[in-house]
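Enquirer: Below is the structure, and that's it, no one-letter string:
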Ligand SMILES: [Zn+2]
C-alpha cells in the first residue's frame, strides 16, 4: 500500500529529524511514539472502527461487502495527506490542552515539552485509522425500504470532531495573536511542534499500511459480517418507471427529458 517514492521521502525527513534532534534525546521519543501509536492502532483499530459505524445502519440496513482497497499502492500525495491527519489531530489536542491550562508556548524548551505531549497523545488519533478502515473497506449500506445505497461511513459527530481539530488549532493561533504574542516566534513554534508530531505520525502510518492494514481489515470485516452480494443497479424513468439503458436523452416511453 505504500509507494517507493514515499519511502525515499520518509528516509529524507528521517535524516532531517536526526540532524535536528541529534543533540536532544527527542529522536528516541519520536521513534517510541511512532511505534507505540502503530501498536495501539494495530491492536484496537478493528474494535474502534466497528464502534464508529452508526448503530442505526447496523440495525436497520443491510451491510453489503464490496471490494476492499488492498494491495493497491497509495500515491505519494495521498500518503502524505494520510500521515498529516493524525499529526494534526494530536497537534490540535495539545494546543487545546495548553489553552485550557493557560500555558504559553514561547521558548524552544516549551516547544520540546509540547512536542513530547503531542507525541504522547498521538495514539488517541485511532479514530482516524478507524475512519480509514471503514472507508476503504468497500462496504455499502443498503436501505431496502427507501431503496438507497450509500458507502459505509462513520458516525457524523466523530467525523466532525476529527475535522474540528484543525479549525480549532487555527482559532487558537488567532487567539494567541490577538493576545499580542510575537508573530514570528509563534509561527516558528507551531511549525516546530507540528513537525515534531508529523514524524512519528508518518512512521505509524507507514507501519500501519505496510504491516497492519490487511489483518486489521480482516478483523474488522469479521466483526461487521457483511452480507455477500453483488449490488445491481437498475435505472428507471423518474416519471413513468420505464427501464432505461443509461444513455438516452429522452424517455422512450413518455418522452421526458432525461439530461
Ligand atoms: Zn418515462
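Expert: It's in. This structure is a prediction, so every number in the text was calculated from the model and none was measured.
Enquirer: Wait, a strand at residue 149?
Expert: Yes. Counting by DSSP: H, G, I helix; E, B strand; the rest coil, one finds residue 149 located in a strand.
Enquirer: Bridged to it, which residues?
Expert: residue 142 (DSSP bridges).
Enquirer: from here on, count from 36
Expert: Renumbered: residue one is now 36, and that last one reads residue 184.
Enquirer: and it, what does it touch?
Expert: With contact set as Cβ atoms under 8 Å, 6 or more residues apart in numbering, residue 184 has these partners: 175-178, 266. C-beta: built from backbone N, CA, C; applies to glycine.
Enquirer: now do residue 137
Expert: Residues in contact with residue 137 (Cβ under 8 Å, 6+ apart): none are found.
Enquirer: ok, back up a step: if any of the contacts of residue 184 are buried, put those into a ChimeraX selection.
Expert: Listed next is the ChimeraX selection for buried residues among the contacts of residue 184, using 16 or more other Cβ atoms under 10 Å:
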select :175,176,177
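Enquirer: so residue 92 touches residue 187, yeah?
Expert: Yes. With contact defined as Cβ atoms under 8 Å, residue 92 counts as touching residue 187 (7.1 Å).
Enquirer: What are the boundaries of the strands in this protein?
Expert: 97-100, 174-178, 183-186 (DSSP state E).
Enquirer: can you count the residues close to residue 261?
Expert: 17 (other Cβ atoms under 10 Å).
Enquirer: now it: how far from residue 197?
Expert: To residue 197, residue 261 is 24 Å away according to Cβ to Cβ, to the nearest Å.
Enquirer: Equivalent analysis for residue 150, please.
Expert: Using Cβ to Cβ, we find residue 150 at a distance of 21 Å from residue 197.
Enquirer: of those two, who's got more company?
Expert: Shown here are residue 150 and residue 197; by other Cβ under 10 Å, residue 150 has more neighbours (27 against 20).
Enquirer: Chain neighbours aside, what residue packs nearest to that one?
Expert: residue 231 (3.5 Å; Cβ to Cβ, 6 or more residues apart in numbering).
Enquirer: Now do the contacts for that neighbour.
Expert: Listed by Cβ under 8 Å, 6+ apart, the contact set of residue 231 reads 61, 65, 146-147, 150, 153-154.
Enquirer: Including pLDDT and distance to residue 76, could those residues go into CSV?
Expert: As requested, the contacts of residue 231 are exported to CSV (pLDDT from 0 to 100; distance: Cβ to Cβ, whole Å):
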residue, pLDDT, distance to residue 76
61, 70, 22
65, 83, 17
146, 83, 26
147, 81, 25
150, 87, 20
153, 91, 16
154, 91, 14
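Enquirer: picking that back up, so which of the contacts of residue 184 sits lowest on pLDDT?
Expert: Ranked by pLDDT, these bottom out at residue 266, which scores 76.
Enquirer: Surely that one touches residue 100?
Expert: No. Residue 266 sits out of contact with residue 100 when judged by Cβ under 8 Å, with a separation of 10.0 Å.
Enquirer: Which pLDDT value goes with residue 82?
Expert: On the pLDDT scale, residue 82 gets 96.
Enquirer: mind listing what it touches?
Expert: Here residue 82 is in contact with residue 258 (Cβ under 8 Å, 6+ apart).
Enquirer: if I look at it, how far off is residue 257?
Expert: 11 Å.
Enquirer: where are the low-confidence patches of the protein?
Expert: Low-confidence segments of the chain (pLDDT under 70): 36, 52, 54-59, 106, 200-201, 204-205, 208-209, 211-216.
Enquirer: Any figure for the gap between the residue sitting nearest the centre point of it and the ion?
Expert: Central residue of the chain (Cα atoms, centre = their mean): residue 163, 3.7 Å from the mean position. The gap separating residue 163 from the ion is 46 Å, by Cβ to the ion, to the nearest Å.
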